[in-house]
Each structure stands twice: as C-alpha cells, then as structure tokens.
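> My questions are about this predicted structure, shown below with the sequence.
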Amino acid sequence: MALAQAERTAPATPAEKPSAGARRGRPRVLPYLLIAPTILGMAYLLLYPLIRNLIISFQKFGIAQLIRGGADFVGIDNYQAIFTDNKFWAVVGRTFAFTAINVVLIMVLATLVALLIDALGKWMRFLVMGGLVLAWAIPVLAATTVFQWLFQSQLGVVNWVLVQLGFTQFEGYAWFADGTSTFAIIVIMIVWQSVPFAALTLYAAITTVPKEIYESASMDGAGPIRMFGLITFPILRPMFGLILCLEVIWVFKSFVQIWVISQGGPGDATLTLPVYAYQIAQSLNRYDLGAAISMVTVLLLTVVLLAYFRQLFKEEGEL
Amino acid sequence: MKFRSLAVAAVAALSLTAIAACGSGDKNEASSGPKTIDVWLMKGSVSDDFLKRFTDDFAAKHTDVKLNVQIQEWNGIGAKIIGALASKDAPDVIEVGNTQVAQYSASGGVRDLTDKKSDLQGDDWIEGLAGPGKYEGKQFGIPYYAANRVVVYRKDLFAAAGVKTPPKTREEWLAATAKLNTGGNQGIYLPGQNFYVLSGFIWDEGGDLAVQDGDKWKGALGSPEALKGVEFYKQIQALGKGPKDSDEAKPTQTDVFAQGKVAQMIAVPGAAELIVQANPALKDKLGFFPIPGKTADKPGAVFTGGSDLIVPEASDAPDAAYTFIKELAGEKWQVDLAKSMKYVPNRKALASQVTGDEGTTAMSAGAANGKATPNSPNWAAVEAKNPIKEYLTKVLTGGDPAAAAAAADAIITEALNSGK
Amino acid sequence: MKPKRIVLNLIALGVFAFAVFPVYWMILTAFKPTKDIQAETPSFFPTNITFSHFSTAIHADGFWLFWRNSAFVAISGVLLALIVACLAAYSVARLKWKGRQAFIVMVFVAQMTPWEALLIPMYVISRDTDMLDKLPMLTLIYFMMTLPFTIVTLRGFLNAIPPDLEEAAQVDGCNQFQAFRRIVFPLLAPGLLSTSLFGFITAWNEFAFANLLIIKEQNQRTLPVWLSSFSNTFGTDWGATMAAATLFMLPVLLIFLVLQGRVTSGVAAGAVKG
C-alpha cells in the first residue's frame, strides 16, 4: 500500500509546475488535516478534562471549592490518603478479581458459542444468532432494571423457580442483601450482556478461515479440540487479542450496572474502582480523593494493557 | 447521493444544536415581562391539590412573578443540589432537609437571609427547623415545615381483626400486629432500611446512633441499648412483607399501602394524603396513633424531621424568590399546609389553628419525645452512604447483630471525625 | 452423525433460551395485567394481554419530550462522530504519514477513558463556558465517547476495500476526493451505518452526564435519567416499569435487527487485516 501511494503522488508533481508548491505540500498536509478534527476534539473533550482532573487530585477540593473556586494545592496528600487506606487496596484487589472472573467467563463462553454457531445448521444458527442479538441490543439500564425484577425477593421469577424446584429456603430470599449473591448476579448480568458481541464477532472471524485447511487437517486425523488449538486459534489470534482487550476495558470500567444495582454494596462486596471513585466524589463530596482514585484507575488499566499496546504499536509499524 | 444525504443530516443536526442552544436563554430576555423563578420542592412535601391552590393564588397576587415549581426525588438529591448551587444559573428557591442546611451553608453557595428574619416573625419559629437552618449565627434556611413519624393504620382492618383501641405499649403493638398479619394482609409494612424508625427504637432503649466523647465522635450501634433497639425492629418488621433490603422510598411505601393489603405503616401523617390520592377508596379508613413506647405513659421516641427553604447565591432573582418564600412560609399557607398535609407549621403560634385533626394530634403526642440525629456537620456524610441501612439488612437477613454493628460503627466513627 | 446433531441443537436451544429469557420476561411483564404480575404463580406465556402499562408509561409526564431529547443527543452525537471518524479513518487506512502509529495507539488508549472520572471536570468546564443545562454539551460528550471506537471500526471497513478501486478511478481523472466519494463511500456506507449503531447505543444509554449536566431545565432531561427514577415514578408498578424499559429498548432493537451482521464482520475485518 505504501508503494502504491508513492507511485500515485510522485508523477503528479513535476507535471504542474505553477502550483507545484501547493501540490507537493498537499499530500503531506492532507493526512494531518484529516485527523485534525479528531485531535482537536480529543484535546478539548478528553485531554483537557483529564488534566483538570489531575489538577484536582493535587488540590483540596470539596463542595466549597466547587462552588466558590479557589482550591489550594496540597501536593500528594490525596494520593497519600488513598494509598495508606486498606480499603483502597481491597477495592483494587476486588476490581482485578472482578475483571478476571468476568473476562474469563466471557471469552470461554463466547468461544464455545461461536464454535457452536459454526457447527449448527442454517435454521438453528439463525435462531441462536437472533437470540444473541436480542440480548446484545437491550440497553444497559433496561437490563439492570430487568435483572432487579428477575431477582426480586417477593415476586421475582428466580425465587419462584427455585422454590418450585424444591429449594424452599429461597422463598422471599433477598438476593441483593448478601454480598456474594449480589456479586454473582452482577457477574451473570455482565457476562450475559457481553457474550453476544464477543461470540458474534468471533463467529464472523471463524468464517474467514478457509475451509480447506480444516479439511486437510481432519484427513490427518485431528479432532475438534486439536483443530481449534492448531488452526483456529493461531489464525485468529489477533482477533482474540482485540476482543480480550476490549472486554478487559469494558469490564474494568463497568459502572452503571454496579451503581444501579448495588451502589457498591452490600458492605463493600461489589465496590470496584470506578464505583469507589464515583461514590467518594458524589456521595461524600470529596472530589479531590475521587479524582486521585480515578487517575490511579487510568494508570492501572494502562499497565494492564501495556503489553497489548506495545504489540499494537509494533504491528502498525510493520504495515 | 448517499454522501449528500449524510451531509444534509449533519447540517440538520448542527442547526438543531444551534436552536437548542438558543432555546434555553429565554429567561434573561424577560426583563420587561414577569420574572420567572424556579422552585425545587421535594417529592411528597406537597400534594398536587395544595400545589395547584397555592400556585393559582400566587399567580393572581403576584403578576410580576411567574412560578415554575419542579418536584425533585429524594434519591440522589445531594449531588443535584450541589450541582445547582455551584452553577451560574441556579433555581431560585430550594427545599432542603433540615439536617443538611448546615453543609450547604458552610460551602458558601447559599444566600444569607438573616435580615428577613423579623419580617417573617422568626422569633416564633420552631427550634427544630430554625436551629438547623442557622450556620455561624446567620440564618440561611427559612423554616418550611416539620413532621415526625406516626403509625398510619387501616381502621377497617383493625376492626375486622378485633383490635379495638390502638396499641399503647410495644407488647400490645406486637400482639395487635400479629393478629392483623393474616389472610393475605400484612400486619405492618416496614421496609428493612428505615433507619429513622430504628433510631426511635434505639432512643427508646436509652441508646443513640453515635456518642460524643470530648471532640471525638464514636458510632454507638454496638451498645447493648442499641442492640435491643434493633432486636425490636426485627420482631416488628417480621410481621409483614416489607423488603429487607430496601428503604421506604423504593418502592414508595404509600403506593404499597394504597394497594389495600397493608394494615399499618410508619410514616409522617401527611402520607395519608398521598395514599388517598393513589387510592380514593381508602379515604375514610385511615387512622393514626403515636409509635408505641416501652410503657404506656410515654410514646416512642421519634426523629424530628422537616425542611427549610434556601435561596442559592447563584439565583438571579433573589427578590422574587423572597416573595415566594414569604408566601409559602407565611401564615395563610402554613396553616393550609399543616391542615392538608398534616404537618407541624413553622411557627409556634400557628399550632393552635391546626388542632382537632387526628393525624396532627397523634404527631404532636409523639413530638413530645422528639429527638435529632447527632449534631455534627459531618452527619450528612454518614447519611450519604448510609451504613445503618446496610446494618439493618444484615441483621434482618440473619447476620450477627454485634459484628454487623461493629462494622457500621467503624464507618460512622470515621465519617463523623474526618476533618472535612 | 445424527445423535451428535441432536445434542448440538439441544445445546443451541439452551443458549437461545438463556440469551432471550430476560428480554422475553421484560416484554411479557409489560403486557401482563397487574393482577397476573402479582400472582403467586407466574405465568410464562401471554394469556391475558393488556396495553395499560404502555399507556401508563407513555402518558407519564414528559415521556415523549425525554424521548425526543434522547433521540436528539444520540443522533447528533453519532453523526458528528461518524463524520470526524470518517476523515481520520481514511487518513489512517489510505495515507502514509509520520506519527500514524502513535495516532492509532492514541485512539486506542482514548477508548479506555473511565468517563465517570471526568464528571466533575466536565461539570466545571461546562459551567465556565455556559454549557450547563444544554443538550449540545451532551452531544459533544457523546461524540467523544463514541469517536475512538468509530475510528477503529471504520478503519477496519476501509482496509477491507481494495485501494486499487480508487486508483483506477484516479487514473480515469477523478481527484482523490471524487474517487473517495464515488467509489469508496458507497462501499463504505453499510459500514458507516453499522458503526453508528454502537455509538447510538452508548449515547442512548448514557446516564451520569445527563444526570449531572442537566440541572435546572427539566424538560432537557433524557430518557435514561427518567428511567432511573422509575421506581419512584411508578412505585411498585413493575408492569409500567417494564413497559417503559421496553419502549426504551425499542429503537435500539429495530436498528440492530437491520444492521447486526455488518457490525461483527467489520470488527473482524478490522482485526484480522489490521
């Protein structure tokens, strides 16, 4: 592609002498012109607020400062406060556990479902894909509302089904009163909402693998598991990488689901970093501590994904 | 072709943006016409009927001020009010819970109304509202109304169950409620997280939510008295189907009551108005009695709740805002409000005008034993992430009260002592 | 062969049921009379159908107004993102320039922004530029929320279109822009549509900013904010709540059914050929 580009622009320059300067300049300016709106947008709507956030994290910034302005700088006091707080480290640990559990479940289930779709006949495939699309399309807020309704202690259908199955201890059971069960419900909901995207995308990728490769492999006597390990996975590795990376980002950041269902509770059972930052800022009005926590969140997420970004940078360089 | 249609759509979107940007600026143009003021009242503070009567009368009297009343939800209101106080174009009057005025006043976003005090006969204000409305000697909050909780009950269900007189002691109360809790009816609807009710039970036992030792606060849910209070909460809560993991706002308890399957609930008497609004068939079937105490001679302790009105510094029409406050906090509408919403009016002298009502009588009987939450400006922070609610849920779902209390106490202690 | 097929189909049915049940239950509840919703034994099929919950939801104060506001911010935000992303994606996919790598990584990094962290700075910025209480501010924020993903996906679609086509057009005398408009754009249009879907969902769903930045002008509120006050608005009325959730989901579902296949293949193309 790079070669084609060079060939395309090179002959044009000597042909038109009068406007040569402008012409020669254009191909070099054009790419930057095209990304200018993106850069400007990001600078004002992303970088600038992020810098403001960084500044707040080094200030004493509560309600009074928000209303009257004039916040004082306090150095690294806020960071010191959160780093010396055991609760913060518990939240960090929980966030990683939460992300790991969700992402592993999502990746495994999505791969299985994608392989399943590939193996199905036309009508069943249509049905399953239709079902996945339905689960995917439901807006997060609507989904959280529905899950609250499903797990209601009084008229919720889950309790009813469990009681019918003979588990009478679930009569009027309050799911959202217990830390573990609330955590589990949130995991189920996030997995339920995330699998469709991952599965459908993986399926679309699987269909791009030429069938002949499988055929020759199956003639060599390879079973389905070996075929996945030997062929599908290696070929689709960049795809798995991308989806893994997106899911890590999305799950790590998930906020609305947790906030609407449990606000981080009961106790701290579902308190993850984004929820913690929001809680401290919005409920306790410690905007400074909230800012510090969110800056640490960004940093942690970057570290987690650093390997992927380096890989990405290298791959882009090879093009 | 397709590109063109996309471009057209984009231009349309951008021009919409421009139109929307113009649309919200109309308030400032109206310098010649009537001034519009925005007022935030809380959900449940006035009924639709009262609001209509008040606004009609106000419109007739003050043609130079146009009222725009918005009803706000309690849930998440703190962040919203702070957002409004910090903005350049805030609402002109905001109703604020009495325990929270200090926090906002201290932040500097609220107008000092000390000079209006005599105009509003402020020397006669009831202390439960005027006191919390003050910060460093200045009056920021204008008393609006007060109320405390009573038991709202269904007279017909009580009669059907053979309960002749409202219970006066805890034992009678438990016995009566157990009798009522049959045949698809709930003896009492008490959500698991009503911490004001718990506070009352704890005060009855001689305990408190937090105690002050020198200048240090300490959460006190773990004291033997407080543990006895929660034990009683558990007993009475079990005589109905109140959700163990939710408070009185979720679902709205007056709506639950209005469905007709609940014999009692604990609420301010004004809740009766909202019940009847939702289910007119219950109009003459509602009665009230003070929350029973440990002995018949003294009703149960109650939290004195209520609201003040504040004017944000960022209001661009403070005079019109005051016109509004003077009407709503004035004699005519205070008496009307007290009668129709069953509140305690903001001035002691007005109390005599609203006697004779069953709800208000029960309320003032209870008010004799009125109490307040710990008197610290940081108390608002405790309520914001209320550890007492989770504590209640833990105890009601079978957790160990002492251990749960210790965990909640740690949070309360930290919040009250943090140097904010 | 046969038994294996049957087992596969059974598993498939299980997956289908698991995926669909919550949505089914939501819609079913929305159509059930309140009496049936509160029945001790829930019915799993629509026996009595009522539209009263939908009418409750639709006639709730301001429903249509909020619906319109949501549609406005979502559509305008997404359109803006599409236009800007189209330019950037073309630059990345078709032109060779210094800093290209860094730009792509930057776009990727931008995707991880924890937006809730920016609430307070965004509030302060909006206040200082007189953009509080204004829907266009939400449009701008939703534009930026969706932009990184839109660029990544559009680039995937562009990579899937062979550059030879444009080159041929340029040989025929088209300039670069004309070649893009006449050749690439028609091929890219389906990709544009499906990419817009993601943006639309993000914007349609967004709650925190809509809640904080629209303070006084209540008729500038959006649906999610209204939806969150559900339990307060409708009390224990799960029927109306589910009806409102269904109405909230409807536009997303419609667009999805039309566009779904293209989204996944676009992402696949982007990653495999990236």
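All right, it came through fine. Numbers count the residues shown, from 1 in each chain, chains lettered A, B, ... in the order given.

> nearest residue to the residue most central in space within chain A other than its sequence neighbours?
Centroid-nearest residue in chain A: residue A:250, 1.4 Å away (criterion: Cα atoms, centre = their mean). In space, and not counting its chain neighbours, residue A:250 is closest to residue A:194: 6.9 Å by Cβ to Cβ, 6 or more residues apart in numbering or on different chains. C-beta coordinates here come from the backbone N, C-alpha and C atoms, glycine included.

> How about residue B:368, nearest residue that isn't a chain neighbour?
Distances taken as Cβ to Cβ, 6+ apart put residue B:299 closest to residue B:368, at 6.9 Å, once the chain neighbours are dropped.

> Tell me who's in contact with the one you found.
B:290, B:291, B:292, B:293, B:365, B:366, B:368, B:369 (Cβ atoms under 8 Å, 6 or more residues apart in numbering or on different chains).

> Spell out which helix or strand contains the second one, please.
Looking back up the chat, that one is residue B:291. With secondary structure defined by DSSP states H and E, residue B:291 is part of neither a helix nor a strand.

> likewise residue B:217?
strand B:216-219.

> Residue C:136 is in contact with residue C:126, correct?
No - using Cβ atoms under 8 Å, residue C:126 is not in contact with residue C:136; the gap is 10.3 Å.

> average pLDDT across stretch B:318-332?
In this model, stretch B:318-332 has an average pLDDT of 93.

> Actually, stretch B:279-290.
Across stretch B:279-290, the per-residue pLDDT values average to 90.

> End to end on it, go ahead and measure it.
24 Å (Cα to Cα, to the nearest Å).

> Pull out the buried positions in that stretch.
Burial within stretch B:279-290, assessed by neighbour count using 16 or more other Cβ atoms under 10 Å in any protein chain shown, is assigned to B:279, B:282, B:285, B:286, B:287, B:288, B:289, B:290.

> can you list the residues that contact the strand holding residue B:217?
B:209-212, B:374, B:376, B:378, B:408-413, B:416-417.

> With respect to per-residue confidence, which of those is lowest?
Across the contacts of strand B:216-219, the bottom pLDDT score, 71, is held by residue B:376.

> That residue and residue B:415 touch, don't they?
No - Residue B:376 is beyond contact range of residue B:415, at 9.2 Å (criterion: Cβ under 8 Å).

> Taking chain B, what residue is nearest to chain C?
residue B:255 (3.1 Å; Cβ to the nearest Cβ).

> try the stretch 151-300 of chain A
Here the stretch 151-300 of chain A gets closest to chain C at one residue, residue A:294, 3.1 Å apart by Cβ to the nearest Cβ.

> Am I right that that residue is in contact with residue A:277?
Yes - counting by Cβ under 8 Å, residue A:277 is a contact partner of residue A:294 at 4.4 Å.

> what's the first-to-last distance across stretch B:107-125?
Distance across stretch B:107-125, first residue to last, is 24 Å (Cα to Cα).

> Just the buried residues of that stretch, please?
By 16+ other Cβ under 10 Å, the buried positions in stretch B:107-125 come out as B:107, B:109, B:110, B:111, B:113, B:116, B:120, B:122, B:125.

> pretty sure the residue nearest to residue A:250 belongs to a helix, no?
Yes - secondary structure of residue A:194 (DSSP: H, G, I helix; E, B strand; the rest coil): part of a helix.

> quick one: pLDDT of it?
Per the predicted model, pLDDT is 93 at residue A:194.

> OK, contacts around it?
A:102, A:106, A:110, A:247, A:250, A:251.

> When you compare pLDDT across those, which one is lowest?
residue A:250 (88).

> which secondary structure element contains that residue?
Judged by DSSP H and E, residue A:250 forms part of helix A:237-253.

> what comes into contact with that helix?
By Cβ under 8 Å, 6+ apart, helix A:237-253 touches A:95, A:98-99, A:102-103, A:106-107, A:110, A:190, A:194, A:198, A:201-202, A:205, A:233, A:273-274, A:301, A:304-305, A:308, A:311, A:315, C:111-112, C:114-115, C:267-268, C:270-272, C:274.

> can you give me the helices in the stretch 101-250 of chain C?
For the stretch 101-250 of chain C, the helices defined by DSSP state H, counting those that start in this stretch occupy C:119-128, C:135-160, C:164-171, C:176-179, C:185-205, C:208-213, C:223-228, C:230-234, C:238-273.

> I'd like the ones you listed laid out as CSV, including mean pLDDT and distance to chain A.
Formatted as CSV, the helices of the stretch 101-250 of chain C follow (pLDDT from 0 to 100; distance: least, Cβ to the nearest Cβ, whole Å):
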stretch, mean pLDDT, distance to chain A
helix C:119-128, 92, 4
helix C:135-160, 89, 4
helix C:164-171, 80, 6
helix C:176-179, 80, 8
helix C:185-205, 80, 5
helix C:208-213, 89, 8
helix C:223-228, 82, 5
helix C:230-234, 54, 7
helix C:238-273, 70, 4
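
> how near is residue B:294 to chain A?
For residue B:294, the distance to chain A (Cβ to the nearest Cβ, to the nearest Å) stands at 29 Å.

> show me what contacts that residue?
Contacts of residue B:294 (Cβ under 8 Å, 6+ apart): B:169, B:170, B:204, B:205, B:300.

> Let me see the ranges of the strands in the chain.
Since no chain was named, I'll use chain A. Along chain A, the segments classed as strands by DSSP state E run A:59-60, A:72-73.

> Actually, chain B is the one I wanted.
B:35-42, B:65-72, B:93-97, B:134-135, B:138-139, B:142-147, B:150-154, B:210-213, B:216-219, B:264-267, B:286-289, B:302-303, B:305-310, B:370-371.

> ok, residues contacting the last one?
In this case it means strand B:370-371. Taking Cβ under 8 Å, 6+ apart as the rule, strand B:370-371 contacts B:128, B:148, B:199, B:200, B:203, B:301, B:302, B:303, B:304.
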